[in-house]
Each structure stands twice: as structure tokens, then as C-alpha cells.
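Q: Sharing a model prediction with you, sequence too.
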Amino acid sequence: MPPFSPRGRNRRSGRGPAPASGSASSSAAGPKATQADLLRLAATPTGEPGQAPGAFGPRRRDRRGRGLRGPMLPPGSPAHRTRAQRFDDLVLDVVDDLDRTWAAHLRGTEFAVEDVPPSDPAPWEDGGVPLGRFFPADSGRPGRVVVYRRPVEVRAFDTDDLADLVRDVVVEQVAHLLARTPEEIDPNFGERS
């Protein structure tokens with residue numbers, strides 16, 4: 001009989017084989033497992049033989065046994081895009097519209113989106129949180145227009161209002177950059193749909 005058998009465990013109920021009597025039969029069965037051996041076996045992960053005690057492999061299921069879940073939306077669907085990606089698309093749409101009319105004046109100008117403005121305001125900005133900023137061209141660097149995503153999103157009521165507000169911010173910054181009025185840049189400036 002092996003040293004550990006599921007049939008030989010329940011000796012009180014009378015089921016299973018009777019314990020062997022005598023020292024000769026117990027030594028023939030093999031050495032008994034000690035408490036330290038059982039603890040070491042319990043600590044060893046059940047996967048890779050020879051793996052260090054306590055080191056477990058990759059987790060295949062969560063604690064309820066449901067397994068890893070896939071993405072809620074497939075990567076190709078329009079709803080899969082993040083808010084930041086949708087905001088970038090709004091800015092690009094406005095820049096494309098302005099580029100049709102003002103391409104000669106905006107050549108080399110960079111447009112960027114940042115999450116929040118830096119904590120130090122520019123000298124020409126009064127108190128308050130800026131929605132966008134323009135940086136004039138100097139010493140070989142092109143002019144830049146930056147739109148700050150989070151302050152603009154906080155001020156918009158819905159997606160249509162967000163698109164209008166992004167358009168107004170970009171037009172206003174381009175007007176500062178080109179030293180013109182916003183109405184010259186976009187005749188529909190300030191009109192909300």
C-alpha cells in the first residue's frame with residue numbers, strides 16, 4: 001500500500017483496509033510524510049515542477065472562476081475611441097476647415113492638444129483657466145496653437161456644444177496668431193448651433 005492512499009484515510013468509520021500490525025509491515029510501506037513535507041507540498045504551485053515555492057504562474061481566472069473578460073467594444077467600432085481621441089478629431093476637423101481658406105498663412109503652424117494648461121500663465125493672460133494658447137514663431141521654431149482638452153470639455157454642455165466650443169477656441173487662437181479678428185478667420189465665429 002502506498003504511504004498516502006485516499007482509501008486508507010478514513011479508519012474510524014471502518015471503511016478501507018485495516019491498519020497493518022507490526023513494525024515490519026509499516027517499514028515496508030515506505031517512509032511516512034512529515035508535517036514539513038506536507039507544508040512544502042502545499043506551498044509548491046501545481047503547474048511547473050521544480051518551480052520555487054510560493055511562485056505562481058500567470059493567473060488564468062479571477063477568484064469567481066469566470067475567466068478573463070474581453071473588451072466590451074471591438075477595436076474597430078466608433079464607440080471604442082476614447083474621449084481624448086474624439087477631441088483630437090474635433091480639433092483636426094476645425095484645422096482642416098481653416099486650412100482650406102488660410103493655407104498660405106498657416107503653412108508651418110503646429111496644432112496641438114494638451115490635457116490641462118501648465119500652472120504658470122503667460123504674461124498676456126489674465127486670471128482664469130485658458131482654453132487655448134498660441135505661441136508665436138521665433139528663432140526658427142514655427143508658431144503653435146495649443147488647445148487644452150479638459151477645460152474645454154468641462155465648459156461644454158453636450159457633444160454639439162463641445163464641437164462649437166472647440167471651433168471657437170481654435171479660431172480665436174489662430175486669429176491671435178495671424179493678428180486678425182476672429183470674424184475675419186471664420187465668419188460664423190461665436191454662433192452656436
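A: That came through, no problem. Numbers count the residues shown, from 1 in each chain.

Q: how about the strands in this structure?
A: Residue ranges of the strands in the chain, as given by DSSP state E, are 110-114, 132-135, 144-148.

Q: Direction included, what does the second one pair against?
A: Put plainly, it is strand 132-135. Sheet pairing of strand 132-135 (DSSP bridges) gives strand 144-148 (antiparallel).

Q: now the strand it pairs with against strand 110-114, angle please.
A: 20 degrees (axes from the mean of the first three to the mean of the last three CA atoms, to 10 degrees).

Q: for the record, mean pLDDT for strand 144-148?
A: For strand 144-148, mean pLDDT is 94.

Q: which secondary element of this structure has the worst mean pLDDT?
A: Every helix and strand in the chain was compared by mean pLDDT, DSSP states H and E; the lowest is helix 23-28, with a mean of 48.

Q: Please spell out which residues along stretch 158-169 are buried.
A: For stretch 158-169, the neighbour count (16 or more other CB atoms under 10 Å) marks Leu162, Ala163, Asp164, Leu165, Val166, Arg167, Asp168, Val169 as buried. All C-beta spots, glycine's among them, are computed from the backbone N, C-alpha and C.

Q: Output it as CSV - backbone C-alpha positions only.
A: In CSV, the C-alpha atoms belonging to stretch 158-169 read as follows (Å, rounded to 0.1, in the frame of the first residue of the first chain):
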residue,chain,number,x,y,z
ASP,A,158,-23.1,68.2,-24.8
THR,A,159,-21.2,66.9,-27.9
ASP,A,160,-22.6,69.6,-30.2
ASP,A,161,-21.7,72.3,-27.8
LEU,A,162,-18.2,70.8,-27.5
ALA,A,163,-17.7,70.9,-31.3
ASP,A,164,-18.8,74.6,-31.4
LEU,A,165,-16.6,75.5,-28.4
VAL,A,166,-13.5,73.7,-30.0
ARG,A,167,-14.1,75.6,-33.2
ASP,A,168,-14.4,78.9,-31.3
VAL,A,169,-11.2,78.3,-29.3
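
Q: any low-confidence regions in the protein?
A: Applying pLDDT under 70 to the chain picks out residues 1-31, 33, 35-65, 67-71, 121-125, 192-193.

Q: Helices along that one, start to end?
A: 23-28, 35-43, 83-106, 149-155, 159-178, 182-185 (DSSP state H).

Q: Show me which residues of the shortest one are buried.
A: The reference is to helix 182-185. Buried residues in helix 182-185, counted by 16+ other CB under 10 Å: Pro182, Ile185.

Q: What of stretch 78-91?
A: Phe87, Asp88, Leu90, Val91.

Q: Need the contact partners of that stretch.
A: 71, 73-74, 111, 113, 115, 147, 149, 152-153, 162-163, 166, 170 (CB atoms under 8 Å, 6 or more residues apart in numbering).

Q: Can I have the buried ones of those as a ChimeraX selection?
A: Of the contacts of stretch 78-91, the buried ones go into a single ChimeraX selection, burial set by 16+ other CB under 10 Å:
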select :111,113,147,149,152,162,163,166,170
